[in-house]
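1. I'll drop the sequence and a predicted model, then ask my questions.
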Amino acid sequence: QVQVVESGGGLVQAGGSLRLACAASGRTFSTYAVGWFRQTPGKEREFVAAITWSGSRTRYVDSVQGRFTITRDRAKNTVYLQMNSLKPEDTAVYYCAAKRTAIDVPNGYDYWGQGTQVTVSS
């Protein structure tokens, strides 16, 4: 069993930065791939980024490529999403999720956090 908890959200001006953290419990978390997703009211949840269990490979949605970076600290059981050059359209609730299958497809995640709000003002 894996549990994940997001933190680090907040209010930031356009052009600013935030770092989200996804802290996990469970001894097997290091064997899970982790993804970040976001959702705004009335819209479907959107894939943002993912990282393999080893940290050797990552994927990003085109709209955040070059601005967001996903990393993981295996010793701390934590995955980070560094968000730079934030835009108002990045405003959403951000969720992290974990799965054991490949990150090549943005589905199949088994464990989800409660989300953290990110608001980017113009």
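-> Received the coordinates, thanks.

2. how about the strands in this protein?
-> Secondary structure of the chain by DSSP state E: the strands cover 3-7, 10-13, 18-25, 33-39, 46-51, 58-60, 68-73, 78-83, 92-99, 111-112, 116-121.

3. so how far is the fifth one off the chain centroid?
-> Right, the one you point to is strand 46-51. Distance, stretch centre to chain centre, for strand 46-51: 6 Å (C-alpha atoms, centre = their mean, to the nearest Å).

4. which residue is nearest the centroid of this protein?
-> Centroid-nearest residue in the chain: residue 36, 2.5 Å away (criterion: C-alpha atoms, centre = their mean).

5. hey, what's that residue bridged with?
-> Here residue 36 sits in beta bridges with residue 49, residue 96, going by DSSP bridges.

6. residues contacting it?
-> By C-beta atoms under 8 Å, 6 or more residues apart in numbering, residue 36 lies in contact with 20, 22, 48-50, 70, 79, 81, 94-97. In short, each C-beta sits where N, CA and C put it, glycine included.

7. surely residue 20 and residue 83 touch.
-> Yes - the pair residue 20 / residue 83 is scored as a contact, 6.9 Å apart, by C-beta atoms under 8 Å.

8. show me whatever sits in contact with both of these two.
-> By C-beta under 8 Å, 6+ apart, residue 20 and residue 83 have these common neighbours: residue 118.

9. between these two, tell me which one has more neighbours.
-> Neighbour count, other C-beta atoms under 10 Å: between residue 20 and residue 83, residue 83 has more, with 27 against 23.

10. in contact with the more buried one, which residues?
-> Shown in contact with residue 83 (C-beta under 8 Å, 6+ apart): 17-20, 64, 67-68, 90, 118.
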